[in-house]
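**Q** Just need the structure, nothing else, for what follows:
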Amino acid sequence: MVRELRQKLHATSAKVESSALQLVYPLDSRPVQLIFRGLQVVKEKRALLRDVSGVVKPGELLAVMGPSGCGKTTLLNCLSGRVGLDGGEIWLNRERLTKRWRRRICYVQQQDVFFPDLTLRQTLEYQARLRLPDTFSHSQKMQCVDHIIEVLDLAACQDTIIGDYTKRGLSGGEKKRTSIACELLTNPSLMLLDEPTSGLDSHSAQALISRLKKYAEQEGKSIVVTVHQPSSRMFHSFSKILLLSRGQVAYYGPTANIGRFFSTIGLTLLPHYNPADFILEQIKGPEEVRERIVAAARNARQGPDCPPELRPEYNPSQHPLCDHLIHYHEHHIGHNVKEDEGRTLWLDTQSHASSSASSADDDYAWQWPTSFWSQFKVLSERNFQEARPRMLSRLNWLQTIALGLLAGLLWLRLPRTEAALHDIQGWMFFSTTYWMLFAHFGALSSFPPEREVINKERLSGSYRLSAYYLAKMVGELPLTITLPAVYHIISYPMLGFHSPAVFVTLLAFLLLNTIVAQSVGFFVGACCLDLQVSITASALYTLATQLLGGYLATAVPPWLAWARYASMVHYAYQNMQILEFGVGEPITCSQPSKFQECRNATTIPVSAILESQGGARGSGLPLWANTAVLLAFLVIFRTLGYLKRDKCSKKGEGCCQFFPGRFSFQDHVPKPLDAAILINRTISYDYFY
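**A** Model prediction:
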């Protein structure tokens, strides 16, 4: 019987408008009934939400309205689990909201946040490869992308970069549709959209809301949108209205009943007047009128017309949604489902829901759509694509080539004599410190542009933080070492030194120092809230490490001599001297010479050169020890940077603003029964035309 019912449901879905573009979507999507009751949010002794309640059933489009600052976005943040509650409860079917639900909740933010240098198609492809499970083949994922692009009418701009305020790219409407496309890829059960019509013209805004309405009705989705001041036609497209005023409910109920509600308190809606304009004018009017509206809304929630789901005695975990789903299919799909068959299907589909509900919230098999290795590969590729225009820009290429030529000309064909020793050391120190600064401050500036994107994707449960962090290091590694290598290839041969072994080894240590400096930049960027603060802290550290590097100051006071061992320049600069003067052609003594070793020799030993840099006799470390310290710098600062970001992601601290806000879901062990799962539904996207 259950099998027959599934076949009937599948056949019914196939009948939805023969002209529709259809895609057999392998992802299960359970219809979700959203219930929120008595929500309270207080911040700095100010109530952002006070006793806010509502219900959104499958197939309904709820509009949250109100003036600016009334709590619309705060409510969406609560419903998505991104802001903790100071009171109240949120239910999705039979379960309280937990982070297990985050991948089934689509949240389209008001600001369209993307990597600006990626094209629209690249953006969607990376989203599909990250958020669609590994059970999908690559061709299936690309098929989903092609279909989404087609139905959202994005084919003409799919190869256009996203763009930002510095470079031209997609229009505002195209960016908004791209945001929605990224979320539709996962076939979410619940959609939350924060002012999706903001920045759109009236026609585009109305078309978007109409498509969302049709999508909700035909696919059984629960959709919540915030709007500021919709047109009259758009207003009547909403199933329900939740009107907020200073964080309180001023009206909740069907859109068609709002005129009658206001008339009961002596506020009459004139004919042919936009209801949205009317209600906003009333709640922004005199304080006495506003309080009367809020009081009437409070009384309505205690009256007979109040939905039973909002009554205190109603326990969602003890009330099945089966009857509502049966009614939904009878009304919208046109197929009569017998009640006993529906209940059989309900119980049968709970076996899957029960097993996942009883598992821990951090069960990776449920939480992550793809494996760590898949996430690492995709994120590495995306980081490379995103960072390449920034790190290997034409300006950086020009700067590197010009600097390499300038350094080569300045230190052109230096003789291997004691008189030229200081100049040879000058090239080494300049090369070490310049690329240290370049990599360090480049790492600082790389996080702010991508912070909001990573924050959005992490909150939607797209991938692990560890996969992102490792992929960022690996994906940007070729870009990090390219420019220093080009500089070295240009400038070093111009000095007149021709030892291939020394050339290659010096290049290796120059690149190692560059990567170490980048690691320190990652750590400082994670620890500092503000970019200006991180720049100031970095300037202090990098200047100190240069002063203690051994070239600028050779007579360091004994009480400060220990500080040089905290300088990464000290180790890199020593390594370059050990290689150049110990392995390469030796430096010949001058007559007279400042080195005592020249009394009985014609060349200066490398140990004497290192001692002249301010070190006591025998205090210098050998090549392998300096290298080990640099590698320790690399590992320690990379690890600390990851731990700092991991701490911020778990606690939601504003310390690095990598995951701002209180990232706390309601801790609750889910009930074993959940909403019915409609297996292998055929999804029609024609309503997005």
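
**Q** Spit out the contact partners of Leu120.
**A** Under the criterion of CB atoms under 8 Å, 6 or more residues apart in numbering, the neighbours of Leu120 are 149, 154, 157-162, 170, 174, 178. (C-beta placed from N, C-alpha, C; glycine too.)

**Q** Give me the below-cutoff pLDDT ranges for the stretch 451-600 of the chain.
**A** Counting by pLDDT under 70, the ranges of the stretch 451-600 of the chain that qualify are 529.

**Q** same check, this time on the chain
**A** For the chain, applying pLDDT under 70 flags the ranges 1-29, 317-367, 529, 614-620, 648-689.

**Q** May I see the buried residues of stretch 446-462?
**A** Neighbour counts using 16 or more other CB atoms under 10 Å place 446-447, 450-462 of stretch 446-462 among the buried residues.

**Q** cool, and stretch 185-198?
**A** In stretch 185-198, counting by 16+ other CB under 10 Å, buried: 185-197.

**Q** At the geometric centre of this structure, which residue do we find?
**A** Averaging the C-alpha coordinates of the chain gives a centre point, and the residue nearest to it by CA atoms, centre = their mean is Ile454 (1.8 Å).

**Q** Could you list every helix and strand in contact with the strand or helix carrying that one?
**A** When secondary structure is defined by DSSP states H and E, Ile454 falls within helix 421-459. Applying 3 or more CB pairs under 8 Å, 6 or more residues apart in numbering; DSSP states H and E, one finds that helix 421-459 contacts helix 372-391, helix 394-410, helix 465-494, helix 500-527, helix 531-547, helix 568-577.

**Q** out of the contacts of Leu120, which is most surrounded?
**A** Highest neighbour count within these: Thr178, with 24 neighbours (other CB atoms under 10 Å).

**Q** Verify the contact between it and Asp112 for me.
**A** Yes - taking CB atoms under 8 Å as the contact criterion, Thr178 and Asp112 are neighbours in contact, 6.9 Å apart.

**Q** got the phi/psi numbers for Gly549?
**A** As for Gly549, its main-chain torsions (degrees, to the nearest 10) stand at phi -70, psi -20.

**Q** That one is in contact with Phe430, isn't it?
**A** No - no contact is recorded between Gly549 and Phe430 when judged using CB under 8 Å, the distance being 11.0 Å.

**Q** Which one of those two is surrounded by more residues?
**A** Neighbours of Gly549 and Phe430, each counted by other CB under 10 Å, are more numerous for Gly549; the result is 24 against 16.

**Q** any idea how far the more buried one lies from Leu170?
**A** Going from Gly549 to Leu170 by CB to CB, to the nearest Å gives 47 Å.

**Q** helix, strand or coil for Ser237?
**A** Put simply, Ser237 is coil when judged by DSSP: H, G, I helix; E, B strand; the rest coil.

**Q** That one reaches Ser210, doesn't it?
**A** Yes - Ser237 is in contact with Ser210 according to CB under 8 Å; the separation is 6.1 Å.

**Q** quick revisit: could you check the angle helix 372-391 makes with the helix holding Ile454?
**A** Going by axes from the mean of the first three to the mean of the last three CA atoms, to 10 degrees, helix 421-459 is angled at 130 degrees with respect to helix 372-391.

**Q** Confirm Leu552 sits in a helix?
**A** No - secondary structure assignment (three-state DSSP) places Leu552 in coil, not in a helix.

**Q** Grab the nearest non-local neighbour of it.
**A** Gln546 (6.4 Å; CB to CB, 6 or more residues apart in numbering).

**Q** and the one you found, what does it touch?
**A** Gln546 makes contact with 433, 552, 567, 569, according to CB under 8 Å, 6+ apart.

**Q** With neighbour count and distance to Leu610 as added columns, please give those residues in JSON lines.
**A** Written out in JSON lines, the entries for those read as follows (neighbours: other CB atoms under 10 Å; distance: CB to CB, whole Å):
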{"residue": "Thr433", "neighbour count": "22", "distance to Leu610": "18"}
{"residue": "Leu552", "neighbour count": "11", "distance to Leu610": "16"}
{"residue": "Ser567", "neighbour count": "19", "distance to Leu610": "15"}
{"residue": "Val569", "neighbour count": "25", "distance to Leu610": "14"}
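
**Q** Next up, identify which helix or strand Gly88 is on.
**A** Secondary structure assignment for Gly88, by DSSP H and E: strand 87-92.

**Q** list the buried ones in that strand?
**A** Burial within strand 87-92, assessed by neighbour count using 16+ other CB under 10 Å, is assigned to 88-92.
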